[in-house]
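Enquirer: below: sequence and its predicted model.
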Amino acid sequence: MKKIQAILLGKQITSNSSEAYALLEKSQFGEKQNQKIFYSLTEAFFLIEDNKMQIFDFRNNLLTESQLLKKFQHLDKNFIPKYLTFKDLRKKGYIVKTALKFGAEFRIYEKGKRISESHSKWLCYPIQENQSIKWQDFAAKNRIAHSSKKKLLIAIIDEENQISYYETNWIKP
């Protein structure tokens, strides 16, 4: 398959190539809006590492993987934990999408589900092992997940970049 040709403008990565449409249909990468496919930073970097995408700047200069990593880290100070979580979940067969409207980093769909035909099962928050989280923040995240009929998934990344997942949900006593 020919690589997706995408362009980076500010924080947006887009493509209108036939390869982008094919990969959206086949593997649910990107989101279609106004005749273009838009990619999150994590999706785009995953596709770069997987040798399925090339990203150009507004001057049509090809950006290297190291240039993109530096730029993405500048655009999002939490890019690395987000990316490691995204990559781990995608490699395990889950569909991972942004969840900004839910106040989370990701919404995660069960293996084998199509986004257009189902709802996500989890809201995911990646954090570094040495980071702390306040109980109030944890309770708020859990409340948001519960009110949107999802489970909360906390992804804790250790110093070796290994990820442990903790699922929480509300139960009625």
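Expert: Everything's here; your move.
Enquirer: all strands of this protein, in order?
Expert: Remark: strands assigned in the chain by DSSP state E are 4-9, 12-15, 31-33, 36-39, 53-56, 95-99, 104-109, 122-128, 151-157, 163-168.
Enquirer: need the ones you listed in JSON lines with distance to residue 83, can you?
Expert: Where you see a C-beta, it was placed from the backbone N, CA and C, and this is true even at glycine. Formatted as JSON lines, those follow (distance: least, C-beta to C-beta, whole Å):
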{"stretch": "strand 4-9", "distance to residue 83": "16"}
{"stretch": "strand 12-15", "distance to residue 83": "14"}
{"stretch": "strand 31-33", "distance to residue 83": "18"}
{"stretch": "strand 36-39", "distance to residue 83": "13"}
{"stretch": "strand 53-56", "distance to residue 83": "14"}
{"stretch": "strand 95-99", "distance to residue 83": "11"}
{"stretch": "strand 104-109", "distance to residue 83": "11"}
{"stretch": "strand 122-128", "distance to residue 83": "9"}
{"stretch": "strand 151-157", "distance to residue 83": "10"}
{"stretch": "strand 163-168", "distance to residue 83": "11"}
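Enquirer: buried deepest among those strands, which one?
Expert: Burial of the strands of the chain is given as mean neighbour count (mean count of other C-beta atoms under 10 Å); strand 104-109 ranks first at a mean of 24.
Enquirer: beta partners for residue 122?
Expert: Residue 122 has these beta-bridge partners by DSSP bridges: residue 108, residue 151.
Enquirer: contacting residues for it?
Expert: Listed by C-beta atoms under 8 Å, 6 or more residues apart in numbering, the contact set of residue 122 reads 107, 108, 145, 150, 151, 152, 153, 167.
Enquirer: likewise residue 31?
Expert: Listed by C-beta under 8 Å, 6+ apart, the contact partners of residue 31 are 24, 37, 38, 97.
Enquirer: could you redo the last one with a cut-off of 6 Å?
Expert: Shown in contact with residue 31 (C-beta atoms under 6 Å, 6 or more residues apart in numbering): residue 38.
Enquirer: now do residue 40
Expert: Contacts of residue 40 by C-beta under 6 Å, 6+ apart are residue 98.
Enquirer: how much space between it and residue 160?
Expert: Residue 40 sits 25 Å away from residue 160, going by C-beta to C-beta, to the nearest Å.
Enquirer: fine by me, we can end here.
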